[in-house]
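# Give me a model of this one.
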Amino acid sequence: MNSRVNLVCLDVGEKRIGVAVADTSVRIAVPYETIEVDGSELEAIAKIVVAENAETLVVGYPRNQSGEATAQTRYVEAFAATLKDIAPTIVFQDESLTSVIAEQQLATHKRPYSKGDIDARAAAIILQDYLELHYAR
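Here you go, the predicted structure:
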């Protein structure tokens, strides 16, 4: 088994960024918070990476239903490029339908939830998928 690696995942949007965290020894992704895109997002992400001692930043990679790149794909790629000095390793993970799944999961709790809650939960789903692909026993 590999040694423990701390991960931070971002579900990047133009208004908000959902954040989730995990470590590879437990392999359970947990929603962390939502960051508003207001010019301070890089600083907020850097603080989380430092606080979590994260070695890898997983970024949700959007594509359309046919698997092709979209305008959002290009936006996320450009945003990820700005993170190169924040984390030692940046990787992409498919985020297909994660926001839909996140909203369905939150709706089952029968409690109010926000768009930010959906974004953080979507980041956790993206990160869980990454863990299962790369750190399965």
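
# helices and strands of the protein: which one has the lowest mean pLDDT?
When the helices and strands of the chain are scored by mean pLDDT, DSSP states H and E, helix 98-107 comes last with a mean of 86.

# by how many degrees do the longest helix seen in the chain and helix 98-107 diverge?
What stands out as the longest helix in the chain, according to DSSP state H, is helix 115-134. Angular relation of helix 115-134 and helix 98-107 on a 0 to 180 degree scale: 110 degrees, by axes from the mean of the first three to the mean of the last three C-alpha atoms, to 10 degrees.

# pLDDT on helix 115-134, on average?
Averaging pLDDT along helix 115-134 yields 93.

# buried stuff in it?
Buried residues in helix 115-134, counting neighbours by 16 or more other C-beta atoms under 10 Å, are found at 116-131, 134. For the C-beta atoms, the positions are set from N, CA and C on the backbone; glycine is no exception.

# Return the distance of the least confident helix or strand of the chain from the chain's centre.
Relative to its parent chain, helix 98-107 has a centroid offset of 14 Å by C-alpha atoms, centre = their mean, to the nearest Å.

# Which strands and helices lie in contact with that helix?
helix 115-134 (3 or more C-beta pairs under 8 Å, 6 or more residues apart in numbering; DSSP states H and E).

# so where's this protein uncertain?
Where the chain drops to pLDDT under 70, the residues are 1-2, 137.
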